[in-house]
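> need coordinates for the below:
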Amino acid sequence: MTHTRVFSACFVSLLILGCTVVVCLVDERVTAAPASTIDAIGGSTLPFVCGTNSPKCVDYCHLCYDFYEQPTMECLSQLVEVLCLFNFEAAMESLNSTDWCVWGNVNSLYSNVSFCTEEISDCLLIPWPNPLVEQIFVDIHSKFFKDCPTEELSDPPPAIIFALVITPICLIPVMVSLVVLKTKNGDGSS
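Next up is the predicted model:
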């Protein structure tokens, strides 16, 4: 019983601690516990927490602070548009449109734009993926990959369909005759 109380006390403590530092989206804005971020060179501070997974994070956060006063989805949208999509679209336009459907030709471009959106989102401490990023990828697919052939499901060959249909049809009379034979002999136990 004491183990349960100790576990409960630890769980409640962690829950309270976790709730005070959790980052979440509220009304398209990121809210977090009051904190600040100091530049790598010891310069100005930001009135919000900034991610540290990339050396570019402080720059992204400063841009959001300068234009939006905090990291918002609108700021994320602008950064992704300028830093990710511009390069991706330029690279895709340099390819022949028939090459867009060859995965080997677009794999690295697609991976780069995916990594770019994730890096910026992580720096701004906005969860990734998010509805904005999902819409960006839907737009990419509808613009560049809509004419690519897809491997659609097709019916199996007629021989396989025939085998799958005829097997249960043949088994039903056999099962009925076995039941009739067992009950006719009066030997229901065997």
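> skip ahead from whichever strand or helix holds residue 78 and say which helix or strand is next.
Assigned by DSSP states H and E, residue 78 falls within helix 73-80. Toward the C-terminus, helix 73-80 is succeeded by helix 86-94 as the next helix or strand (DSSP H and E).
> may I see the buried residues of that next one?
By neighbour count with 16 or more other Cβ atoms under 10 Å, helix 86-94 contains the buried residues 88, 89, 92. Glycine gets a C-beta too; all of them are placed from N, C-alpha and C.
> please apply the same query to stretch 94-102.
Within stretch 94-102, the residues that count as buried by 16+ other Cβ under 10 Å are residue 100.
> who's in contact with it?
Stretch 94-102 is touched from outside by 92, 105, 106, 144, 145, 147, 148, 149, with contacts defined as Cβ atoms under 8 Å, 6 or more residues apart in numbering.
> now, which of those sits nearest residue 138?
The shortest approach to residue 138 among the contacts of stretch 94-102 belongs to residue 145, at 10.6 Å (Cβ to Cβ).
> so what's the closest one up against?
Applying Cβ under 8 Å, 6+ apart, we find residue 145 in contact with 100, 101.
> which strand or helix spans residue 146?
Under the criterion DSSP H and E, no helix or strand holds residue 146.
> from residue 138, how far out is it?
For residue 146, the distance to residue 138 (Cβ to Cβ, to the nearest Å) stands at 11 Å.
> burial count for residue 106?
Applying other Cβ atoms under 10 Å, we find 20 residues neighbouring residue 106.
> which residue packs closest to it, ignoring adjacent ones?
Of all residues not flanking residue 106 in the chain, residue 100 sits nearest, at 6.1 Å (Cβ to Cβ, 6 or more residues apart in numbering).
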